[in-house]
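[1] following is a predicted model, sequence given first.
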Amino acid sequence: MLSRVAETLYWTARYIERAENLARLINVNNLLLMDLPKGFSPGWEPLLDITGNRKGFESVYTDFSERNILKFLTVDSKNPSSILSSLQYARDNARTIRDVIPREIWETLNALHLSVKENSSSFLNKRERFASLKQVINQCLLIYGTMDASLSHDEGYFFWRFGATLERADMTSRIIDVRSATLTEDMSDLPFENILWMSVLRSLSGYQMYRQKMGVRIRPGDVLLFMLHSKEFPRSVMFCLNKLKSLFLNLPDSKAIIEHIDHSIEDLEKQSVATLRGRALHNYIDELQIDFADIHQELSQQYFLH
C-alpha cells in the first residue's frame, strides 16, 4: 500500500471520529444544562477546554455566549476542529482515495458534509439542534459500519481503524480530564453529583454499559475505573490501547510502536485510577495524552511520507 493512501485513510478516520465525538458531546451538554439549575450549571465553556479550542475561540470572539461557542464548535470555518471543518477535511481526504474506499462511503460522507453546510443555522437553533447533531452521529456510525462490512480487512483497514481508535482514546481522556476538574472539588455532599457523573458517561455513550458492568449506583471511582480500565467497553482507554496494539501485530516494522503501546498499557494497569482525584488525576491524564501524541508521532515517522 502507498504511504500516501495509508496516511489519508488514517486522517479521514480521525476527522470523522472527531466530528462524531463533538456532536455527541454537545448533545449531552445540552441535556445536562436542562437537568441542572442555572446557578449550578457548568455552561458551555468547558467544551472549549475539552476540545482544546479555548485559545482559538478567544482569537475570534470576546463573548462566551452560548451562540458563539456553539457556532465555533459546530459550523465555524475559522475553527479547524469544528464539526463542519472536520467533515470537510474528511471529505477532501476521501475524495483523493475514491478508488480505494467503497463508493457508499464517499457518497455518505459527501452528503453529510453538504447537509451540515447547507443547514448550519439548525445547529444554533434550540429546537433543531438535537436532530441535526443526531444526524451527524448516526451518519458517522453508518460510515464506520459500511467500512467494516465493505472494505477489505488489509493494511488500509488497519490504518483506518488505528486513526479512529487513537482519536477516540484521546477524546475519552479529554472528557474525563475537564469534567472531573469540576466534579471532584469537594462535591460529595452536592445533590447533583450523580447527574454530573452521569453526563460524563453519556458523553462517551457509556451509561448503559456502566450499569451492566458496575451496578446501578454511580460512584466517581467506579466511573473512572470503567472509562479508563475496562477491557470490554470500546470507548475506554484500556480497550482502545489494546485495539491499537492488535491492529499492528501483523504489520512490518511495527516493533517500536507496539513497544510504546505496551508501555502505556502497563502504566495504565499499574495506576489505581479509582482513587485519583483533583491534581493527581489531571497529571495522569496529561501523561496519557502525551503517550497518544508519541504513538501518533512514531506511526507518522515509520509509515508516512515526510
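    Cool, the structure landed.
[2] show me where pLDDT drops low in the protein?
    For the chain, applying pLDDT under 70 flags the ranges 37-42, 181-192, 306.
[3] how is it partitioned into domains?
    By the record's domain assignment, the chain is partitioned as 8-151, 153-306 (automatic domain parsing).
[4] in a markdown table: these, plus distance to residue 2.
    For glycine as for every other residue, the C-beta is placed from the backbone atoms N, C-alpha and C. Rendered in a markdown table, the data for the domains of the chain read as follows (distance: least, CB to CB, whole Å):
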| stretch | distance to residue 2 |
| --- | --- |
| domain 8-151 | 9 |
| domain 153-306 | 9 |
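[5] out of those domains, which comes closest to residue 1?
    Among the domains of the chain, domain 153-306 comes nearest to residue 1, with 4.7 Å by CB to CB.
[6] so how far is that closest one from its chain's centroid?
    Chain-centre distance of domain 153-306: 10 Å, with CA atoms, centre = their mean, to the nearest Å.
[7] I'd like the numbering to begin with 28 instead of 1 from here.
    Taking 28 as the first residue, the last one we looked at is domain 180-333.
[8] got JSON lines for the domains of the chain, with mean neighbour count too?
    As requested, those are exported to JSON lines (neighbours: other CB atoms under 10 Å):
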{"stretch": "domain 35-178", "mean neighbour count": "18"}
{"stretch": "domain 180-333", "mean neighbour count": "17"}
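[9] over to residue 88. Which of the three states is it?
    Per DSSP: H, G, I helix; E, B strand; the rest coil, the local secondary structure of residue 88 is coil.
[10] list the contacts of residue 193.
    Counting by CB atoms under 8 Å, 6 or more residues apart in numbering, residue 193 makes contact with 41, 267, 271, 319, 322, 323.
[11] swap in 10 Å and give it another go.
    The neighbours of residue 193, taking CB atoms under 10 Å, 6 or more residues apart in numbering as the test, are 37, 40-41, 44, 267-268, 270-271, 319-320, 322-323, 326.
[12] which element, helix or strand, includes it?
    Element membership for residue 193, per DSSP states H and E: helix 182-210.
[13] elements contacting the helix or strand that that helix is followed by?
    Next along the chain after helix 182-210, taking DSSP H and E as the criterion, comes helix 220-230. When contacts are defined as 3 or more CB pairs under 10 Å, 6 or more residues apart in numbering; DSSP states H and E, helix 220-230 packs onto helix 30-62, helix 182-210, helix 234-241, helix 247-256.
[14] now render these as TSV, adding distance to residue 308.
    Converted to TSV, the helices and strands packed on helix 220-230 look like this (distance: least, CB to CB, whole Å):
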stretch	distance to residue 308
helix 30-62	19
helix 182-210	6
helix 234-241	18
helix 247-256	7
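[15] what's the closest of these to residue 103?
    Proximity to residue 103, assessed across those by CB to CB, is greatest for helix 30-62 (12.1 Å).
[16] which residues are contacting the helix or strand following the closest one?
    Per DSSP H and E, helix 30-62 leads on to helix 72-77 as the next helix or strand towards the C-terminus. Here helix 72-77 makes contact (CB under 10 Å, 6+ apart) with 48-49, 52-53, 56, 80-85, 91, 96-97, 99-100, 106, 198, 200-206, 208-209, 230.
[17] how does it look with 6 Å?
    With CB atoms under 6 Å, 6 or more residues apart in numbering as the test, helix 72-77 has contacts from 81, 84, 91, 201, 202, 205.
[18] ok, for the third one, nearest residue in space, not its chain neighbours?
    Nearest residue to residue 91 in three dimensions, chain neighbours excluded: residue 72, at 5.6 Å (CB to CB, 6 or more residues apart in numbering).
[19] try the fourth one
    With CB to CB, 6+ apart as the criterion, residue 201 has its nearest non-adjacent residue at 4.9 Å, and that residue is residue 77.
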